[in-house]
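S.K.: sequence and computational prediction follow.
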Amino acid sequence: MNNSQCPCGGYLSHSDYASCCEPLHKGASQAATPEQLMRSRFSAFARQNAEYLTETLHPSQRNATTLSELQTSFEQARTHWLSLAIMDAPKASPLEGWVEFVAFYSDQEASAANRNVQQLHEKSRFVFEQQRWFYIDGEHLAPVKLGRNDLCWCGSGKKLKKCHS
């Protein structure tokens, strides 16, 4: 992924960061749906934007050290977020919604040939309060088994067998 591409894979067919998640990260707009918030939070993890992650975390889930803990984790972590796959994002009710996703990641210091691609499979819950969506919590799910004919985790659009088999 180059720097202009949005880490989330593009919301509403946008593929560049400036027209996708950046306006949300800069506060120029608010996520209109739980899926859009999920995508923008993934991008914030990929770009190590602790402020946005803290602001979009429900106030009941924050504490006085949430921001500094995120910043420290980014400084110490070797995680390289690779791609995001939305598995299910049903239409939200006016006050609550959820998104099931798989986020693929690897060890940042591993060579491309030796990357051990891992995944975070979660069903995340979002609430609408104060005229905006917040991430409140998530249920971790079993890893998704990718078949040879599934799209590759890297986001290339190719089948796994023709890309990173």
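M.R.: Arrived safely, thanks for sending. Note that the coordinates shown come from a computational prediction; the quantities given were computed from them, not determined experimentally. Numbering: from 1, shown residues only.
S.K.: tell me, how many residues neighbour Lys161?
M.R.: Neighbourhood size, Lys161 [other CB atoms under 10 Å]: 12. To be clear about C-beta, it is placed using only N, CA and C from the backbone, and glycine gets the same treatment.
S.K.: so how far is the helix or strand where it lies off the chain centroid?
M.R.: In this assignment (DSSP states H and E), Lys161 forms part of helix 160-163. Relative to the chain's own centre, helix 160-163 is displaced by 23 Å; criterion: CA atoms, centre = their mean, to the nearest Å.
S.K.: name the residues that touch that helix?
M.R.: For helix 160-163, the external contacting residues (CB atoms under 8 Å, 6 or more residues apart in numbering) are 146-154, 156.
S.K.: longest helix in the protein, please.
M.R.: Of all the elements of type helix in the chain, the one with the most residues (DSSP state H) is helix 34-46.
S.K.: may I have that helix as CSV, with CA atoms only?
M.R.: Extracted in CSV, the C-alpha atoms of helix 34-46 (Å, rounded to 0.1, in the frame of the first residue of the first chain):
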residue,chain,number,x,y,z
PRO,A,34,-20.7,1.9,12.3
GLU,A,35,-19.0,0.4,9.3
GLN,A,36,-17.5,3.8,8.4
LEU,A,37,-16.3,4.2,12.0
MET,A,38,-14.8,0.7,12.0
ARG,A,39,-12.9,1.4,8.8
SER,A,40,-11.6,4.7,10.1
ARG,A,41,-10.5,3.1,13.4
PHE,A,42,-8.6,0.5,11.4
SER,A,43,-6.9,3.3,9.4
ALA,A,44,-6.1,5.0,12.7
PHE,A,45,-4.4,1.9,14.0
ALA,A,46,-2.5,1.5,10.7
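S.K.: packing partners of that helix?
M.R.: In terms of contacts (3 or more CB pairs under 8 Å, 6 or more residues apart in numbering; DSSP states H and E), helix 34-46 is packed against helix 22-25, helix 50-55, strand 79-88, strand 96-107, strand 118-129, strand 132-140.
S.K.: buried stuff in the next helix or strand after the second one?
M.R.: Okay, so that is helix 50-55. Using DSSP H and E, the helix or strand that follows helix 50-55 in sequence is helix 66-76. The neighbour-count check on helix 66-76 (16 or more other CB atoms under 10 Å) flags 67, 70 as buried.
S.K.: give me the distance from helix 66-76 to the chain's centre.
M.R.: 17 Å.
S.K.: give me the mean pLDDT for that helix.
M.R.: For helix 66-76, mean pLDDT is 91.
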